[in-house]
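1. This is the structure alone, sequence omitted:
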């Protein structure tokens, strides 16, 4: 990325927006002013990039905001500028004072407040995730719409509703304290992880993964870890994302088709990300509870795959033990489904089928349940049952890449190039 405006957008959007929201207490005004500042930069910077891009943008955004405030208060010749200090007190200040105030410590605090603002429990998780990408990372609405597989107009309306909800509910731009902070950190981690899973395993569409969205979620996760270095849950969440994201280049073949984990070329995995993820897990061992503990256990499961030299070296019995801990912590049918795979590899396919007993009602429309069960039936020698499960998986699968893979598996079980039944 060589465009100086694009670089500044990536590096400074979230920081500057957080300062503007804290300063003006108006999300709409702050976002519009900063967007106009970047538009001005796109016109001016090709001639001469300023020595302090962030300061230049803050100057431009402040001018836009002040002009807007003056237009709104046309009856007054000059609108006093209110500066909010660290204690939350407001005082009248000069425009120069507002422009020059870019101290790094308040910037960190304001950005953290912005993250907690968009992750407020009053907002739906999907809306929080979209707002995090828009307001904290500065992604364009059209890009977010593409990543979440919805039309741009739909995403724009969703973002507008979420912003109005923030204003109508009077959600404050502040950090909670004590136990409330711990609870909100969990929500922040969930929002970041939701952004990641939307790209790591999109439920619909014609692509197996959206690495751009997963990468942006990891960037957001790094930001949260940087701003909350003494909190273990964000580190555990970042570790999971890094370990799963590290396999992105090996998950699809040259034609965009699905490559199963056992068949992936481990030389294409990003081993620097694996090392970073494992180091993060080692740093938070034994210090987690709740959602953070779930992330830690998921990270340990991913790490078991990452450290094995080849598929044959994966310690499935150890993975099963991690899954048992995870299931005790969160008795989810999806966890049970994943544990069935581990049991089938550690003990045998018949044992894996037994683990799946009782999950049908909860996962009737989950194509992965039927795909796993089909594989297990095939491994015990029941081709007819395997074919039936593959057909059910195809019926409920909305992802075109996975559907093609399931059709190939069905063709292999039925012994024909195309299933004719």
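-> Sure thing, it's come through. Bear in mind that the values here come from a model prediction, so they are computed numbers and not experimental data.
2. Point out where the stretch 201-350 of the chain drops to low pLDDT.
-> For the stretch 201-350 of the chain, the stretches flagged by pLDDT under 70 are 202-205, 285-287.
3. show me where it has strands.
-> Ranges of strands within the stretch 201-350 of the chain are 204-205, based on DSSP state E, counting those that start in this stretch.
4. Ramachandran angles for residue 399?
-> phi -90, psi 120 (degrees, to the nearest 10).
5. Identify the bridge partners of it.
-> Residue 399 forms beta bridges with residue 205, as assigned by DSSP bridges.
6. Could you check how far it is from residue 206?
-> Distance from residue 399 to residue 206, counting by Cβ to Cβ, to the nearest Å: 8 Å. Placement of C-beta: from N, CA and C, glycine included.
7. Compare neighbour counts for those two and give me the winner.
-> Legend: neighbour count by other Cβ atoms under 10 Å for residue 399 and residue 206, higher for residue 399 (20 against 12).
8. Test my guess that the more buried one contacts residue 209.
-> No - at 9.8 Å, residue 399 does not count as touching residue 209 under the criterion of Cβ atoms under 8 Å.
9. so where's the stretch 51-200 of the chain shaky on pLDDT?
-> 73-109, 147, 149.
10. For it, which segments are assigned as strands?
-> Listed in chain order, the strands of the stretch 51-200 of the chain (DSSP E, counting those that start in this stretch) span 81-84, 90-93.
11. Tell me how many other residues crowd residue 151.
-> Using other Cβ under 10 Å, residue 151 has 11 neighbouring residues.
12. Spit out the contact partners of the closest residue in space to it that isn't next to it in sequence.
-> Nearest residue to residue 151, sequence neighbours excluded (Cβ to Cβ, 6 or more residues apart in numbering): residue 145, at 6.2 Å. Taking Cβ atoms under 8 Å, 6 or more residues apart in numbering, we find residue 145 in contact with 151-152, 154-156.
13. neighbour-wise, which of these leads?
-> Using other Cβ under 10 Å as the neighbour criterion, residue 155 leads the contacts of residue 145 with 23 neighbours.
14. shouldn't that one be in contact with residue 127?
-> No - taking Cβ under 8 Å as the definition, residue 155 is not a contact partner of residue 127, at 10.3 Å.
15. hey, what's in contact with both of the two?
-> With Cβ under 8 Å, 6+ apart as the test, residue 155 and residue 127 reach no residue in common.
16. Pull out the buried residues from stretch 301-314.
-> By 16 or more other Cβ atoms under 10 Å, the buried positions in stretch 301-314 come out as 301-306, 314.
17. for stretch 29-43, same thing?
-> Buried, per 16+ other Cβ under 10 Å, within stretch 29-43: 29-38, 40-41.
18. next one: stretch 176-186
-> 184-186.
19. tell me the helices in the stretch 1-150 of the chain, going along the chain?
-> 4-24, 27-44, 53-72, 95-100, 104-118, 125-131, 141-147 (DSSP state H, counting those that start in this stretch).
20. now these in JSON lines, with distance to residue 255?
-> Conversion of the helices of the stretch 1-150 of the chain to JSON lines gives the following (distance: least, Cβ to Cβ, whole Å):
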{"stretch": "helix 4-24", "distance to residue 255": "31"}
{"stretch": "helix 27-44", "distance to residue 255": "38"}
{"stretch": "helix 53-72", "distance to residue 255": "42"}
{"stretch": "helix 95-100", "distance to residue 255": "53"}
{"stretch": "helix 104-118", "distance to residue 255": "38"}
{"stretch": "helix 125-131", "distance to residue 255": "30"}
{"stretch": "helix 141-147", "distance to residue 255": "22"}
